[in-house]
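Visitor: what follows is a predicted protein model with its sequence.
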Amino acid sequence: RMSGEITRATSLVAEIASAAQEQATGLQEVNTAVNEMDQATQQNAAMAEQSTAASQALAQEADRLAALVGRFRLGGDVVALRTMAGKMAQAAAPAPRPARAAAPASNHGSAARKAANGGDRGWEEF
């Protein structure tokens, strides 16, 4: 009877050893998974840090660009600027010449007479 009990105890110890081995294998798999998650977490943290640095650099560049764009001033009155551009285009365009029968013999002082009569407004309107 004692021999049977020893055999039974040996069998139970063998089962316990087998279960312990299975637990050790399971714990090793869990440990591997935790290490992989730790590596992924560290990589995510590094990428988050890089992303933060990149967004800070982008914000600085955006501020710098806004400052540079802020230097350009158009005066705010676009309609007046377009009107002025139209006047400048008209002044730069050659005036149509009326058909004349004959040209005068002397043309001296014609620019002075034209200015005196108000025909040439010059650059005063600009």
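Guide: Here it is on my side, so go on. Numbering: from 1, shown residues only.

Visitor: how about the helices in this structure?
Guide: Counting by DSSP state H, residue ranges of the helices within the chain are 2-70, 78-92, 110-116.

Visitor: separation between the residue in the chain sticking out farthest from the centre and Ser11?
Guide: Taking CA atoms, centre = their mean as the measure, the residue most remote from the mean C-alpha position of the chain is Arg1, 87.0 Å away. As for Arg1, its distance to Ser11 is 16 Å (criterion: CB to CB, to the nearest Å). (C-beta placed from N, C-alpha, C; glycine too.)

Visitor: same thing with Ala54?
Guide: As for Ala54, its distance to Ser11 is 64 Å (criterion: CB to CB).

Visitor: per-residue pLDDT of Ala24, please?
Guide: Here the pLDDT value assigned to Ala24 is 97.

Visitor: that one: neighbouring residues, count only.
Guide: Here the neighbour count serves as a burial measure; for Ala24 (other CB atoms under 10 Å) it reads 10.

Visitor: distance of it from Met37?
Guide: Counting by CB to CB, the gap from Ala24 to Met37 is 20 Å.

Visitor: could you do Val13 as well?
Guide: 36 Å.

Visitor: likewise for Leu65?
Guide: Looking at Leu65 against Met37, where the rule is CB to CB, the gap reads 41 Å.

Visitor: for Ala17, same thing?
Guide: Computed as CB to CB, the Ala17 to Met37 distance reads 30 Å.

Visitor: can you check Glu29 too?
Guide: Here the distance between Glu29 and Met37 works out to 13 Å (CB to CB).

Visitor: now do Glu22
Guide: 23 Å.

Visitor: try Ala62
Guide: 36 Å.

Visitor: Met88 - how many residues pack around it?
Guide: Residues contacting Met88 under the criterion other CB under 10 Å number 13.

Visitor: what's the per-residue pLDDT of it here?
Guide: Met88 carries a pLDDT score of 87 in this model.

Visitor: equivalent analysis for Thr52, please.
Guide: Model confidence at Thr52, given as pLDDT, is 96.
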